[in-house]
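Novice: no sequence for this one, just the structure:
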């Protein structure tokens, strides 16, 4: 019965391809809204049914030692539920937003196909399967970045493609070496063969470093972050939301699998690989915040923010401590919620007010109070203001840094300092927008105020995500306990 694991993968992909058969009917906006909405809801339900009832499935074997296999574990629950929830909310938001975009049929075709491969990626049982669906994800999500087909969109999409292919090529090095010095299967705690590794430690350290670098491209880590700030701002807002909130986390998932399920922290902890990885994450956290602070285009500011905030996750992983790992997983969830909220809020502003620059948003809270309150909650969550989500994850990340024993004391203490500095910069580039939006000053022309709040397709997802920022931050204990149990399995 484990073949039922294929249901949440096959259903959205077949539903997407079926739109080509009913192309004429699918071009009708009303039918398309109902069709895509039903597919997204059913995919969410099928995913829950499959991952909580079935465990493992081998699809086929390239050779006896190279199977394409699916397996459900604790990370699958986290990643796949996050994917289906965010895909559903961004999809609902898109029903109104995409009214002012052309080529809706192709957008939803690739939107559904990308969701299906992400769910397969979350269930990958080994390196080969993960790599296969990781590559599919790049090519199927590319049309989302290219959607508007403007010169900027084409340039951003091509940059996304080139960076992603380059990163995947680096990561492929790890696959070849894992077949020689261990197993390609994901095993909690790592699966290197101790007797095969002897005498080849330095070679394998280089291999794992390049593999981590390769997957970090999708996560937007320095020096491979440029694609993110080129592709996200030019994509439609629903695509920007999932690109930033979810697809960057595919790179994070792959790095977790490499460090904690292939190499094992016993092999990497205290080595130059850990030190270099941590340094790069801290550079990215600070640099992304500084660039966001200076950026005047709203969506590009949010893209630079993602560069910084996703590297909070990578920093937690680089500590190789249980507390840091818990903080990293919390940040995966909390950043996804807040950044989807912020990108969709920006999309609502662009859709209703046609304003794209930060300088144009003074007083906009008078016109769009719901949208701007949601934007404010998302911004405060990213800053880490209690009791919102970001405070909890950043607290665990700081504690993980102080507990890190495999790195120099300077790095261990520098981590919390940079996290705090980044949080202050985040307040500078997000909270100031909200202040100007609601308190525009005496020179603001209040006579021009008019309500431009978007309809329920846009506001309901925003309100739900805002509520999640509050609820998940206030009642974070169940998530903390769950992630702590995962940490106990892989950090011994």
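Specialist: Right, received. Where do you want to start? Predicted model only: the values in this text are computed from it and were never measured. Residues are numbered from 1 along each chain as shown.

Novice: and stretch 360-373, which residues are buried?
Specialist: For stretch 360-373, burial by neighbour count (16 or more other Cβ atoms under 10 Å) applies to 361-368, 370-373. Every C-beta, even on glycine, is put in place using the N, C-alpha and C of the backbone.

Novice: for stretch 465-478, same thing?
Specialist: By 16+ other Cβ under 10 Å, the buried positions in stretch 465-478 come out as 465-466, 468-469, 472-473, 476.

Novice: try stretch 427-443
Specialist: Of all the residues in stretch 427-443, those buried under the rule 16+ other Cβ under 10 Å are 427, 429-431, 433-434, 436-438, 440.

Novice: from those residues, which ones fall inside helices?
Specialist: Under the assignment DSSP state H, these contribute 433-434, 436-438 to helices.

Novice: correct me, but residue 11 touches residue 46?
Specialist: Yes: the pair residue 11 and residue 46 qualifies as a contact (Cβ atoms under 8 Å) at a distance of 5.7 Å.

Novice: picking up where we left off before, want to throw the buried residues of stretch 360-373 into TSV with distance to residue 31?
Specialist: Listed next are these as TSV, based on distance: Cβ to Cβ, whole Å:
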residue	distance to residue 31
361	36
362	41
363	39
364	34
365	36
366	37
367	32
368	30
370	29
371	28
372	33
373	33
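
Novice: what's the longest strand in the chain?
Specialist: Scanning the chain for the longest strand, with DSSP state E as the assignment, gives strand 56-63.

Novice: which neighbouring elements make contact with that one?
Specialist: strand 66-71 (3 or more Cβ pairs under 8 Å, 6 or more residues apart in numbering; DSSP states H and E).

Novice: show me the contacts for residue 180.
Specialist: With Cβ atoms under 8 Å, 6 or more residues apart in numbering as the criterion, the residues that contact residue 180 are residue 196.

Novice: how far does the helix or strand containing residue 281 sit from the chain's center?
Specialist: Under the criterion of DSSP states H and E, residue 281 resides in helix 272-294. Averaged C-alpha coordinates place helix 272-294 at 17 Å from its chain's average position (Cα atoms, centre = their mean, to the nearest Å).

Novice: for it, what is the average pLDDT?
Specialist: Along helix 272-294, the predicted local confidence has a mean pLDDT of 93.

Novice: who does that helix touch, helix- and strand-wise?
Specialist: For helix 272-294, the helices and strands in contact under the criterion 3+ Cβ pairs under 8 Å, 6+ apart are helix 201-219, helix 298-319, helix 409-426.

Novice: closest to residue 240 out of these?
Specialist: helix 298-319 (6.3 Å; Cβ to Cβ).

Novice: next secondary structure element downstream of the closest one?
Specialist: Secondary structure here is assigned by DSSP H and E; on that basis, the next helix or strand after helix 298-319 toward the C-terminus is helix 322-353.

Novice: list the buried ones in that following helix?
Specialist: Of the residues in helix 322-353, those buried by neighbour count under the rule 16+ other Cβ under 10 Å are 322-353.

Novice: can you check stretch 62-77 too?
Specialist: For stretch 62-77, the buried set under the neighbour-count rule, 16+ other Cβ under 10 Å, comprises 66-77.

Novice: between the residues you listed, which is nearest residue 200?
Specialist: For the buried residues of stretch 62-77, the minimum distance to residue 200 (Cβ to Cβ) is 21.5 Å, reached by residue 66.

Novice: which of the helices or strands spans the nearest residue to the closest one once chain neighbours are set aside?
Specialist: Among residues not flanking residue 66 along the chain, residue 128 sits closest, at 5.7 Å (Cβ to Cβ, 6 or more residues apart in numbering). Here residue 128, judged by DSSP H and E, is contained in helix 127-145.

Novice: now the helix or strand that comes right after that helix, how far from the centre of its chain.
Specialist: Reading on from helix 127-145 to the C-terminus, the next helix or strand found by DSSP H and E is helix 151-181. Between the centre of helix 151-181 and the centre of its host chain there is 17 Å, according to Cα atoms, centre = their mean.

Novice: for stretch 222-230, same thing?
Specialist: Taking the mean C-alpha point of stretch 222-230 and that of its whole chain, the gap between them comes to 14 Å (Cα atoms, centre = their mean).

Novice: so where does residue 372 fall, helix or strand?
Specialist: Residue 372 belongs to helix 369-383 when elements are defined using DSSP H and E.

Novice: quick one, that helix and helix 409-426 angle?
Specialist: What separates the directions of helix 369-383 and helix 409-426 is an angle of 170 degrees, with axes from the mean of the first three to the mean of the last three Cα atoms, to 10 degrees.

Novice: average pLDDT across helix 369-383?
Specialist: The average pLDDT for helix 369-383 rounds to 93.

Novice: list the contacts of the next helix or strand after it.
Specialist: Next along the chain after helix 369-383, taking DSSP H and E as the criterion, comes helix 389-403. Contacts of helix 389-403 from elsewhere in the structure, counted by Cβ under 8 Å, 6+ apart, are 312, 315-316, 319, 321-328, 330-331, 333-335, 337-338, 380-385, 411-413, 415-416, 419-420, 423, 468-469, 472-473, 476, 480.

Novice: do the same with stretch 366-376
Specialist: The list of residues contacting stretch 366-376 from outside it, by Cβ under 8 Å, 6+ apart, reads 341-342, 345-346, 348-349, 352-353, 364-365, 431, 433-434, 437-438, 440, 446, 449-454, 458-459, 462-463, 465-466.

Novice: at 6 Å instead, please
Specialist: Identification of contacts with stretch 366-376 by Cβ atoms under 6 Å, 6 or more residues apart in numbering yields 345, 348, 365, 434, 437, 449, 452-453, 459, 462, 466.

Novice: now do stretch 149-164
Specialist: Counting by Cβ under 6 Å, 6+ apart, stretch 149-164 makes contact with 138, 142, 145-146, 217, 224, 227, 230-231, 234, all of which sit outside it.

Novice: turn those into JSON lines, columns for neighbour count.
Specialist: Converted to JSON lines, the contacts of stretch 149-164 look like this (neighbours: other Cβ atoms under 10 Å):
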{"residue": "138", "neighbour count": "22"}
{"residue": "142", "neighbour count": "18"}
{"residue": "145", "neighbour count": "27"}
{"residue": "146", "neighbour count": "24"}
{"residue": "217", "neighbour count": "26"}
{"residue": "224", "neighbour count": "22"}
{"residue": "227", "neighbour count": "24"}
{"residue": "230", "neighbour count": "21"}
{"residue": "231", "neighbour count": "31"}
{"residue": "234", "neighbour count": "24"}
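
Novice: secondary structure class for the residue nearest to residue 264 when sequence neighbours are not counted?
Specialist: Computed as Cβ to Cβ, 6+ apart, the closest residue to residue 264 that is not its neighbour in sequence is residue 190, at 2.1 Å. Recorded secondary structure, residue 190: coil (DSSP: H, G, I helix; E, B strand; the rest coil).
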